[in-house]
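In: next input, structure requested:
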Amino acid sequence: MATLCNLVVDLAALPWDSSTVATEIADDRTLAWIDETFSGTWSSEASAGLNIVARCDDAPIGFATLDARGLTFRWLNGLARERDIGLFGPFGIVREERKTGLGVFILRQALQALRERGYARALIPAVSGDGLVRYYADAVGAVVAEEFDRAALLAPRPRTLVMASGNGSNFQAIADASRTGCLPIEIVALVSNDSRARAIERARAAGVGAHVVAWSRNEETRAQYDERLLEAVRAEAPDLVLLLGWMHLLSDGFVAAFPEMLNLHPAFLPLDPGDDDVGLPDGTRIPAFRGSRAVHDALASGSRWAGATVHRVTPATDRGPVLARKPLSVEAQEEEAHLMERIHTLERDLVKAAVSRWLFERAE
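Out: All right, here's what the predicted structure looks like:
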């Protein structure tokens, strides 16, 4: 659907339900379950608000977030700023429970919690599809208050440069999505630090200029190479830089020069950049496997979980704000090559989800 709708609910018109469910701050287990079960971009939103969580045998089966703060999506620049409006969502129910009435119950409980917090109206943002609009209208009397053209929200197409050192399967996924219009970005160049990288062949086949900027350690210092790399990327004037399997630590100067830079990392990282471990959907915790040997380190430690994360790049390695992440359970006796291939499969959709989120969050 080309249109996204913001719906509004008059909270005073809702009947009061005496069987109230307490709101909670989602713990790491619930946040990891949200990422495993749904889009991979919702846990950071859920962590920014309160939540209604339904469980069966202590396992989450549905949730709704309310009163999330600090979100910067473009559709929150209008009604969402009015003081009597409380924000609803994200909202998700496992497939097996979607026709049981659980969803409507959680929805109404979350809206009642917003009313108890002093709001007169609730905003249900970015609803797409006539079916969902009808669902909210029938369940809680929601009406369309704002409409947005999806293409306009995503415009203009950012000049995007990809940096990759290896096979380039994630570059391929991004290039294909750009070519079909699923992801409205303009890929202007690929930069690799390895002349043998298959990513170079993929770029040229896609009609994207490919540049090899390798470090000749016997001929130049690290500082000289960093400056040469900086100038090569700066020459393309990118709006967005994507690190998709880039195997070279970037200098602080490079990071400062390109503040809109996202990195794909093959591990499930915590939402709090300061944390050194992360919770999983089964309630266990594992180290936050940062650095270039993340998958190897996970297997060497005996971890039952791996995953992938797309985060903003900061001078602190693999500690930038998370845009999207997914956990992945490790199979018994799994070899590193097999796990890496499963992670790559997961990464292709995750990168597209993260870039879409970045597009919707850009300042106007």
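In: domain assignment for the protein?
Out: Using automatic domain parsing, the domain ranges for the chain come out as 3-152, 154-361.
In: need the residue closest to the centroid of this structure.
Out: Centroid check for the chain by C-alpha atoms, centre = their mean gives A324 as the closest residue, at 2.2 Å.
In: what's the separation between that one and E97?
Out: Distance check for A324 against E97: by C-beta to C-beta, to the nearest Å, it reads 24 Å. Using the backbone N, CA and C atoms, a C-beta is placed for each residue, glycine as well.
In: then L242?
Out: On the measure of C-beta to C-beta, L242 and E97 end up 36 Å apart.
In: between those two, point out the one with more neighbours.
Out: The residue with more neighbours, out of L242 and E97, is L242; 28 against 15, by other C-beta atoms under 10 Å.
In: quick one: list the elements packing against the helix or strand containing that one.
Out: If you go by DSSP states H and E, L242 is part of strand 240-244. Packing contacts for strand 240-244, counted by 3 or more C-beta pairs under 8 Å, 6 or more residues apart in numbering; DSSP states H and E, involve strand 159-163, helix 169-180, strand 261-265, helix 336-361.
In: quick one: strands adjacent to the third one?
Out: Translated: strand 261-265. strand 240-244 (parallel), strand 305-312 (antiparallel) (DSSP bridges).
In: now render the domains of the chain as JSON lines, adding mean pLDDT.
Out: Below are the domains of the chain laid out as JSON lines (pLDDT from 0 to 100):
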{"stretch": "domain 3-152", "mean pLDDT": "96"}
{"stretch": "domain 154-361", "mean pLDDT": "96"}
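In: doesn't Y136 lie inside a helix?
Out: Yes. Using DSSP: H, G, I helix; E, B strand; the rest coil, the assignment for Y136 is a helix.
In: how many residues are close by it?
Out: By other C-beta under 10 Å, 22 other residues sit near Y136.
In: re the thing from before, just the helices and strands packed on strand 240-244: most buried one?
Out: When you average the neighbours per residue for each of the helices and strands packed on strand 240-244 (mean count of other C-beta atoms under 10 Å), strand 159-163 leads with a mean of 25.
In: and the contacts of that strand?
Out: By C-beta atoms under 8 Å, 6 or more residues apart in numbering, the residues outside strand 159-163 that reach it are 171, 174, 178, 185-192, 199, 203, 233, 236-244, 246.
In: what do you get if the cut-off is 7 Å, keeping everything else the same?
Out: 171, 174, 185-191, 233, 236-244, 246 (C-beta atoms under 7 Å, 6 or more residues apart in numbering).
In: give me the buried subset of the residues you listed.
Out: Listed as buried from the contacts of strand 159-163 are 171, 174, 185, 187-191, 233, 236, 238-244, 246; burial here means 16 or more other C-beta atoms under 10 Å.
In: mind listing the helices for the stretch 151-300 of the chain?
Out: Ranges of helices in the stretch 151-300 of the chain, per DSSP state H, counting those that start in this stretch, are 169-180, 198-205, 222-234, 252-257, 294-300.
In: quick check: closest non-adjacent residue to the residue nearest to the centre of the chain.
Out: A354 (3.9 Å; C-beta to C-beta, 6 or more residues apart in numbering).
In: show me what contacts Q172?
Out: Neighbour list for Q172: R202 [criterion: C-beta under 7 Å, 6+ apart].
In: same check on E146?
Out: C5, N6, G78, L79.
In: partner residues bridging it?
Out: N6.
In: how close does it get to L328?
Out: Counting by C-beta to C-beta, the gap from E146 to L328 is 37 Å.
In: so the residue nearest to the centre of the chain is in which element?
Out: Counting by DSSP H and E, A324 is part of strand 322-329.
In: which helices and strands does that strand pack with?
Out: On a contact count with 3 or more C-beta pairs under 7 Å, 6 or more residues apart in numbering; DSSP states H and E, strand 322-329 meets helix 28-37, strand 305-312, helix 336-361.
In: mind running it again at 10 Å?
Out: Under the contact definition 3 or more C-beta pairs under 10 Å, 6 or more residues apart in numbering; DSSP states H and E, strand 322-329 sits against helix 28-37, helix 43-46, strand 261-265, strand 277-279, strand 305-312, helix 336-361.
In: what are the pairing partners of that strand, and which direction each?
Out: Here strand 322-329 has these sheet partners by DSSP bridges: strand 305-312 (antiparallel).
In: report the angle between the partner strand and helix 336-361.
Out: For strand 305-312 against helix 336-361, the angle by axes from the mean of the first three to the mean of the last three C-alpha atoms, to 10 degrees is 30 degrees.
In: noted, bye for now.
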